[in-house]
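> make a model of this:
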Amino acid sequence: MRSAALLSSLALGVSGAILYEGATIISFNDTTERLSILHDASLLIEGDTIAALSEGSLDRDIPNNTTRINATGSIISPGMVDTHTHLWQTAFKTIGSNTSLADYFQKFGEYGQSSTVFTPEDLYLGQLAGSLERVHVGTTTVLDHAHASWTEEGTDSCVNGSVDSGVRTVYAHAVHDVPGAWSWDEQIRKLQSMTKDHRFNSDNGLLTLGLAYDGFFNAPDANISTLWNITKGANLSVVTTHHLGGPWGFTNSPTALHLHGWLNDTIPVVFSHSSFMTYKDAQLLRDTNQYISTTPESELHFGHIHPHANNIQDQASLGVDCHFTYSSSMVNQARLWLQTLRAERYADTLDKWQVPINSPMSVEQAFYLITRAGALALRRPDIGVIQVGAKADIVVYSTDSPNMLGWSDPVAAIILHADVGDIEDVIINGAFVKRNGKLMFKDYASLRTRLTASAKRIQKVWAETDFPALEGFFQNGEGAPVGPTVEIDTLRGNGTGY
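A predicted model of the protein is given here:
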């Protein structure tokens, strides 16, 4: 639900151009496909575009109405790209802290009681707050697997939340079989109407429409053909699907989509997780230039892990997944993934009774996965980089805090040392959405009050619900039986401290 107060609360721009001077800028070189570091550099933004970039002062005229910012000592990074997330789930914050993926599907996904408890207002507030959380941590583009699509009113509320946040959003509308929600025909009619929705065709281009669908492995061919006709006919911006495989089932794999003819096209397909991928799947990704979205903290937290994702990092991007259970920071995801992959490669050498002499993954590679690689997964070479002609989506890091003192490598400083408190400015599409460490969303106090009340009511319902014991994962013949894990013991003597 969208209030007049919230509609008028955004102060997302400044009058005229923006010029940062004296910064260290993490630029990108298309020829080498590598980062290029500019020192004591200048960056000029005009409209929604990076208009000029150089070491030292700009050798060109500066528009009269330019806002000049002394960025000496600061690091300017491209905005981060999150290729898999569910923005509506904010109201669940902290109540899934110890949940497994099987438990998640029963309690927190779209197939549980959420569709009967969340109101359109709840969905709007969660979507808006989840989107602003991304802005706060320096994410400028998100691919939202928008599976809170149970009713027309709820769907519209989620879309409005994304619009009002100012974050660049690929809103991948989920078509799915949710018990008690709208029918297949109603969902198709809604998807068709969304292709003509003015919110996805605004002048600023911040919101684009995609498709999220998880039924490729078991849906009737006629349904899949219907979705393809809409996807291709409307030239949707992206298709995304959850793919697990292994004991989980849920095999919306590259092989499955390729059999339907969905990979050899200009429309990108993003496979989230892809935890148990086959060699054939990996080759299909390379042959068709499609990407996976690894969500490191999610896969470790929920237990679907990622035994094969490290073999396909040349066609990979990173995402957050469920921000209600852990960090929404893409830098944190890159940091965790970097050290996870390092540990796996170190273990390979140590298992041979050898001492590793080199680090198997660099901070530049980790940074690439949350910027340029995410953009390529969406086939948007104009985002995730700082270069002339790219969209003006940038993050400015202060280096004044104790954790940043002494830095010389700006990429290592961000990936290994920075935290959200170091983010000074965030600009999306040429407009400030965070300035001097504060969000530019002026009605944030009202949003905080309303979201807190919404979460309190929703979490009370969950606390009072007697969920049955889990007996199987997906009751459709796809998944394996459930089983317990051994609890960690952190206490001496009796009890584990769990």
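
> for burial, what's the neighbour tally of W462?
18 (other C-beta atoms under 10 Å). For the C-beta atoms, the positions are set from N, CA and C on the backbone; glycine is no exception.

> in three-state terms, label it for me.
Assigned by DSSP: H, G, I helix; E, B strand; the rest coil, the conformation of W462 is helix.

> what's the burial count for the nearest residue to it once chain neighbours are set aside?
If the residues on either side of it in the chain are set aside, W462 comes closest to I95, at 6.0 Å by C-beta to C-beta, 6 or more residues apart in numbering. Residues within reach of I95, counting by other C-beta under 10 Å, total 17.

> pLDDT value on I95, please?
With respect to pLDDT, I95 scores 97.

> with the one 10 residues further on instead?
The score at F105 is 89. That number is its pLDDT.

> ok so, going back, tell me the contacts of the residue nearest to W462?
Residues counted as contacts of I95 (C-beta atoms under 8 Å, 6 or more residues apart in numbering) are 324, 459, 462-463.

> which members of these are the farthest-apart pair?
Largest separation among those by C-beta to C-beta: F324 and A463, giving 15.0 Å.

> more neighbours, these two?
Shown here are F324 and A463; by other C-beta under 10 Å, F324 has more neighbours (22 against 8).

> does the more buried one touch L87 like I think?
No - applying C-beta atoms under 8 Å as the test, F324 and L87 come out as separate, 10.2 Å apart.

> which SS class is T169?
Relying on three-state DSSP, one would call T169 strand.

> measure it to V486 for me?
41 Å (C-beta to C-beta, to the nearest Å).

> look at those two and report which has more neighbours.
Shown here are T169 and V486; by other C-beta under 10 Å, T169 has more neighbours (28 against 5).

> that one: what's it in contact with?
T169 sits next to 131, 141-142, 144, 162, 206-208 when contact means C-beta under 8 Å, 6+ apart.

> try it again with 10 Å
T169 makes contact with 82, 85, 87, 127, 131, 134, 141-144, 146, 159, 161-163, 200, 206-210, according to C-beta atoms under 10 Å, 6 or more residues apart in numbering.

> next step: the residues you listed restricted to strands.
Members of the contacts of T169 lying in strands (criterion: DSSP state E): 82, 85, 141-144, 146, 207-210.

> where does pLDDT dip in the chain?
1-15, 472-478 (pLDDT under 70).

> outline the domain layout of it.
Domain assignment of the chain by automatic domain parsing yields the ranges 4-79+388-439, 80-377.

> can you lay out these as TSV showing distance to L451?
Formatted as TSV, those follow (distance: least, C-beta to C-beta, whole Å):
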stretch	distance to L451
domain 4-79+388-439	12
domain 80-377	5
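
> out of those, nearest to P481?
Closest among the domains of the chain, using C-beta to C-beta: domain 80-377, at 8.6 Å.

> next, the distance between the ends of the closest one.
13 Å (C-alpha to C-alpha, to the nearest Å).

> swap in stretch 437-450?
Counting by C-alpha to C-alpha, you get 23 Å between the two ends of stretch 437-450.

> go ahead and flag the most central residue of this protein.
Nearest to the geometric centre of the chain sits D82, at 2.6 Å (C-alpha atoms, centre = their mean).

> just checking, that one touches L318?
Yes - using C-beta atoms under 10 Å, D82 is in contact with L318, at 7.5 Å.

> what is in contact with the two at once?
Joint contacts of D82 and L318 (C-beta under 10 Å, 6+ apart) are 293, 295, 330, 333, 370, 374.

> in helices, which of the residues you listed fall?
330, 333, 374 (DSSP state H).

> could you pull up the contacting residues of the second one?
For Q333, the contacting residues are 80, 82, 139, 294-298, 318-321, 326-327, 366, 369-370, taking C-beta under 10 Å, 6+ apart as the criterion.

> relative to L369, how far out is M330?
9 Å.

> need the overlap of contacts for those two.
80-81, 83, 318.

> next, format these as a markdown table and append distance to V117 and neighbour count.
Output for these, formatted as a markdown table (distance: C-beta to C-beta, whole Å; neighbours: other C-beta atoms under 10 Å):
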| residue | distance to V117 | neighbour count |
| --- | --- | --- |
| M80 | 32 | 29 |
| V81 | 32 | 31 |
| T83 | 29 | 34 |
| L318 | 31 | 28 |
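
> chain center to stretch 481-491: distance?
Taking C-alpha atoms, centre = their mean, to the nearest Å, one finds stretch 481-491 lying 30 Å from the centre of the chain it belongs to.

> so what would you say the end-to-end distance of that stretch is?
One end of stretch 481-491 sits 31 Å from the other (C-alpha to C-alpha).

> V178 against E186, yeah?
No - with contact defined as C-beta under 10 Å, V178 and E186 do not form a contacting pair (11.3 Å).

> more crowded one of these two?
V178 (20 against 12).

> residue contacts, the more buried one?
By C-beta under 10 Å, 6+ apart, the residues touching V178 are 109-112, 114-115, 147-151, 187.

> please determine how far it is located from D214.
Distance from V178 to D214, by C-beta to C-beta: 11 Å.
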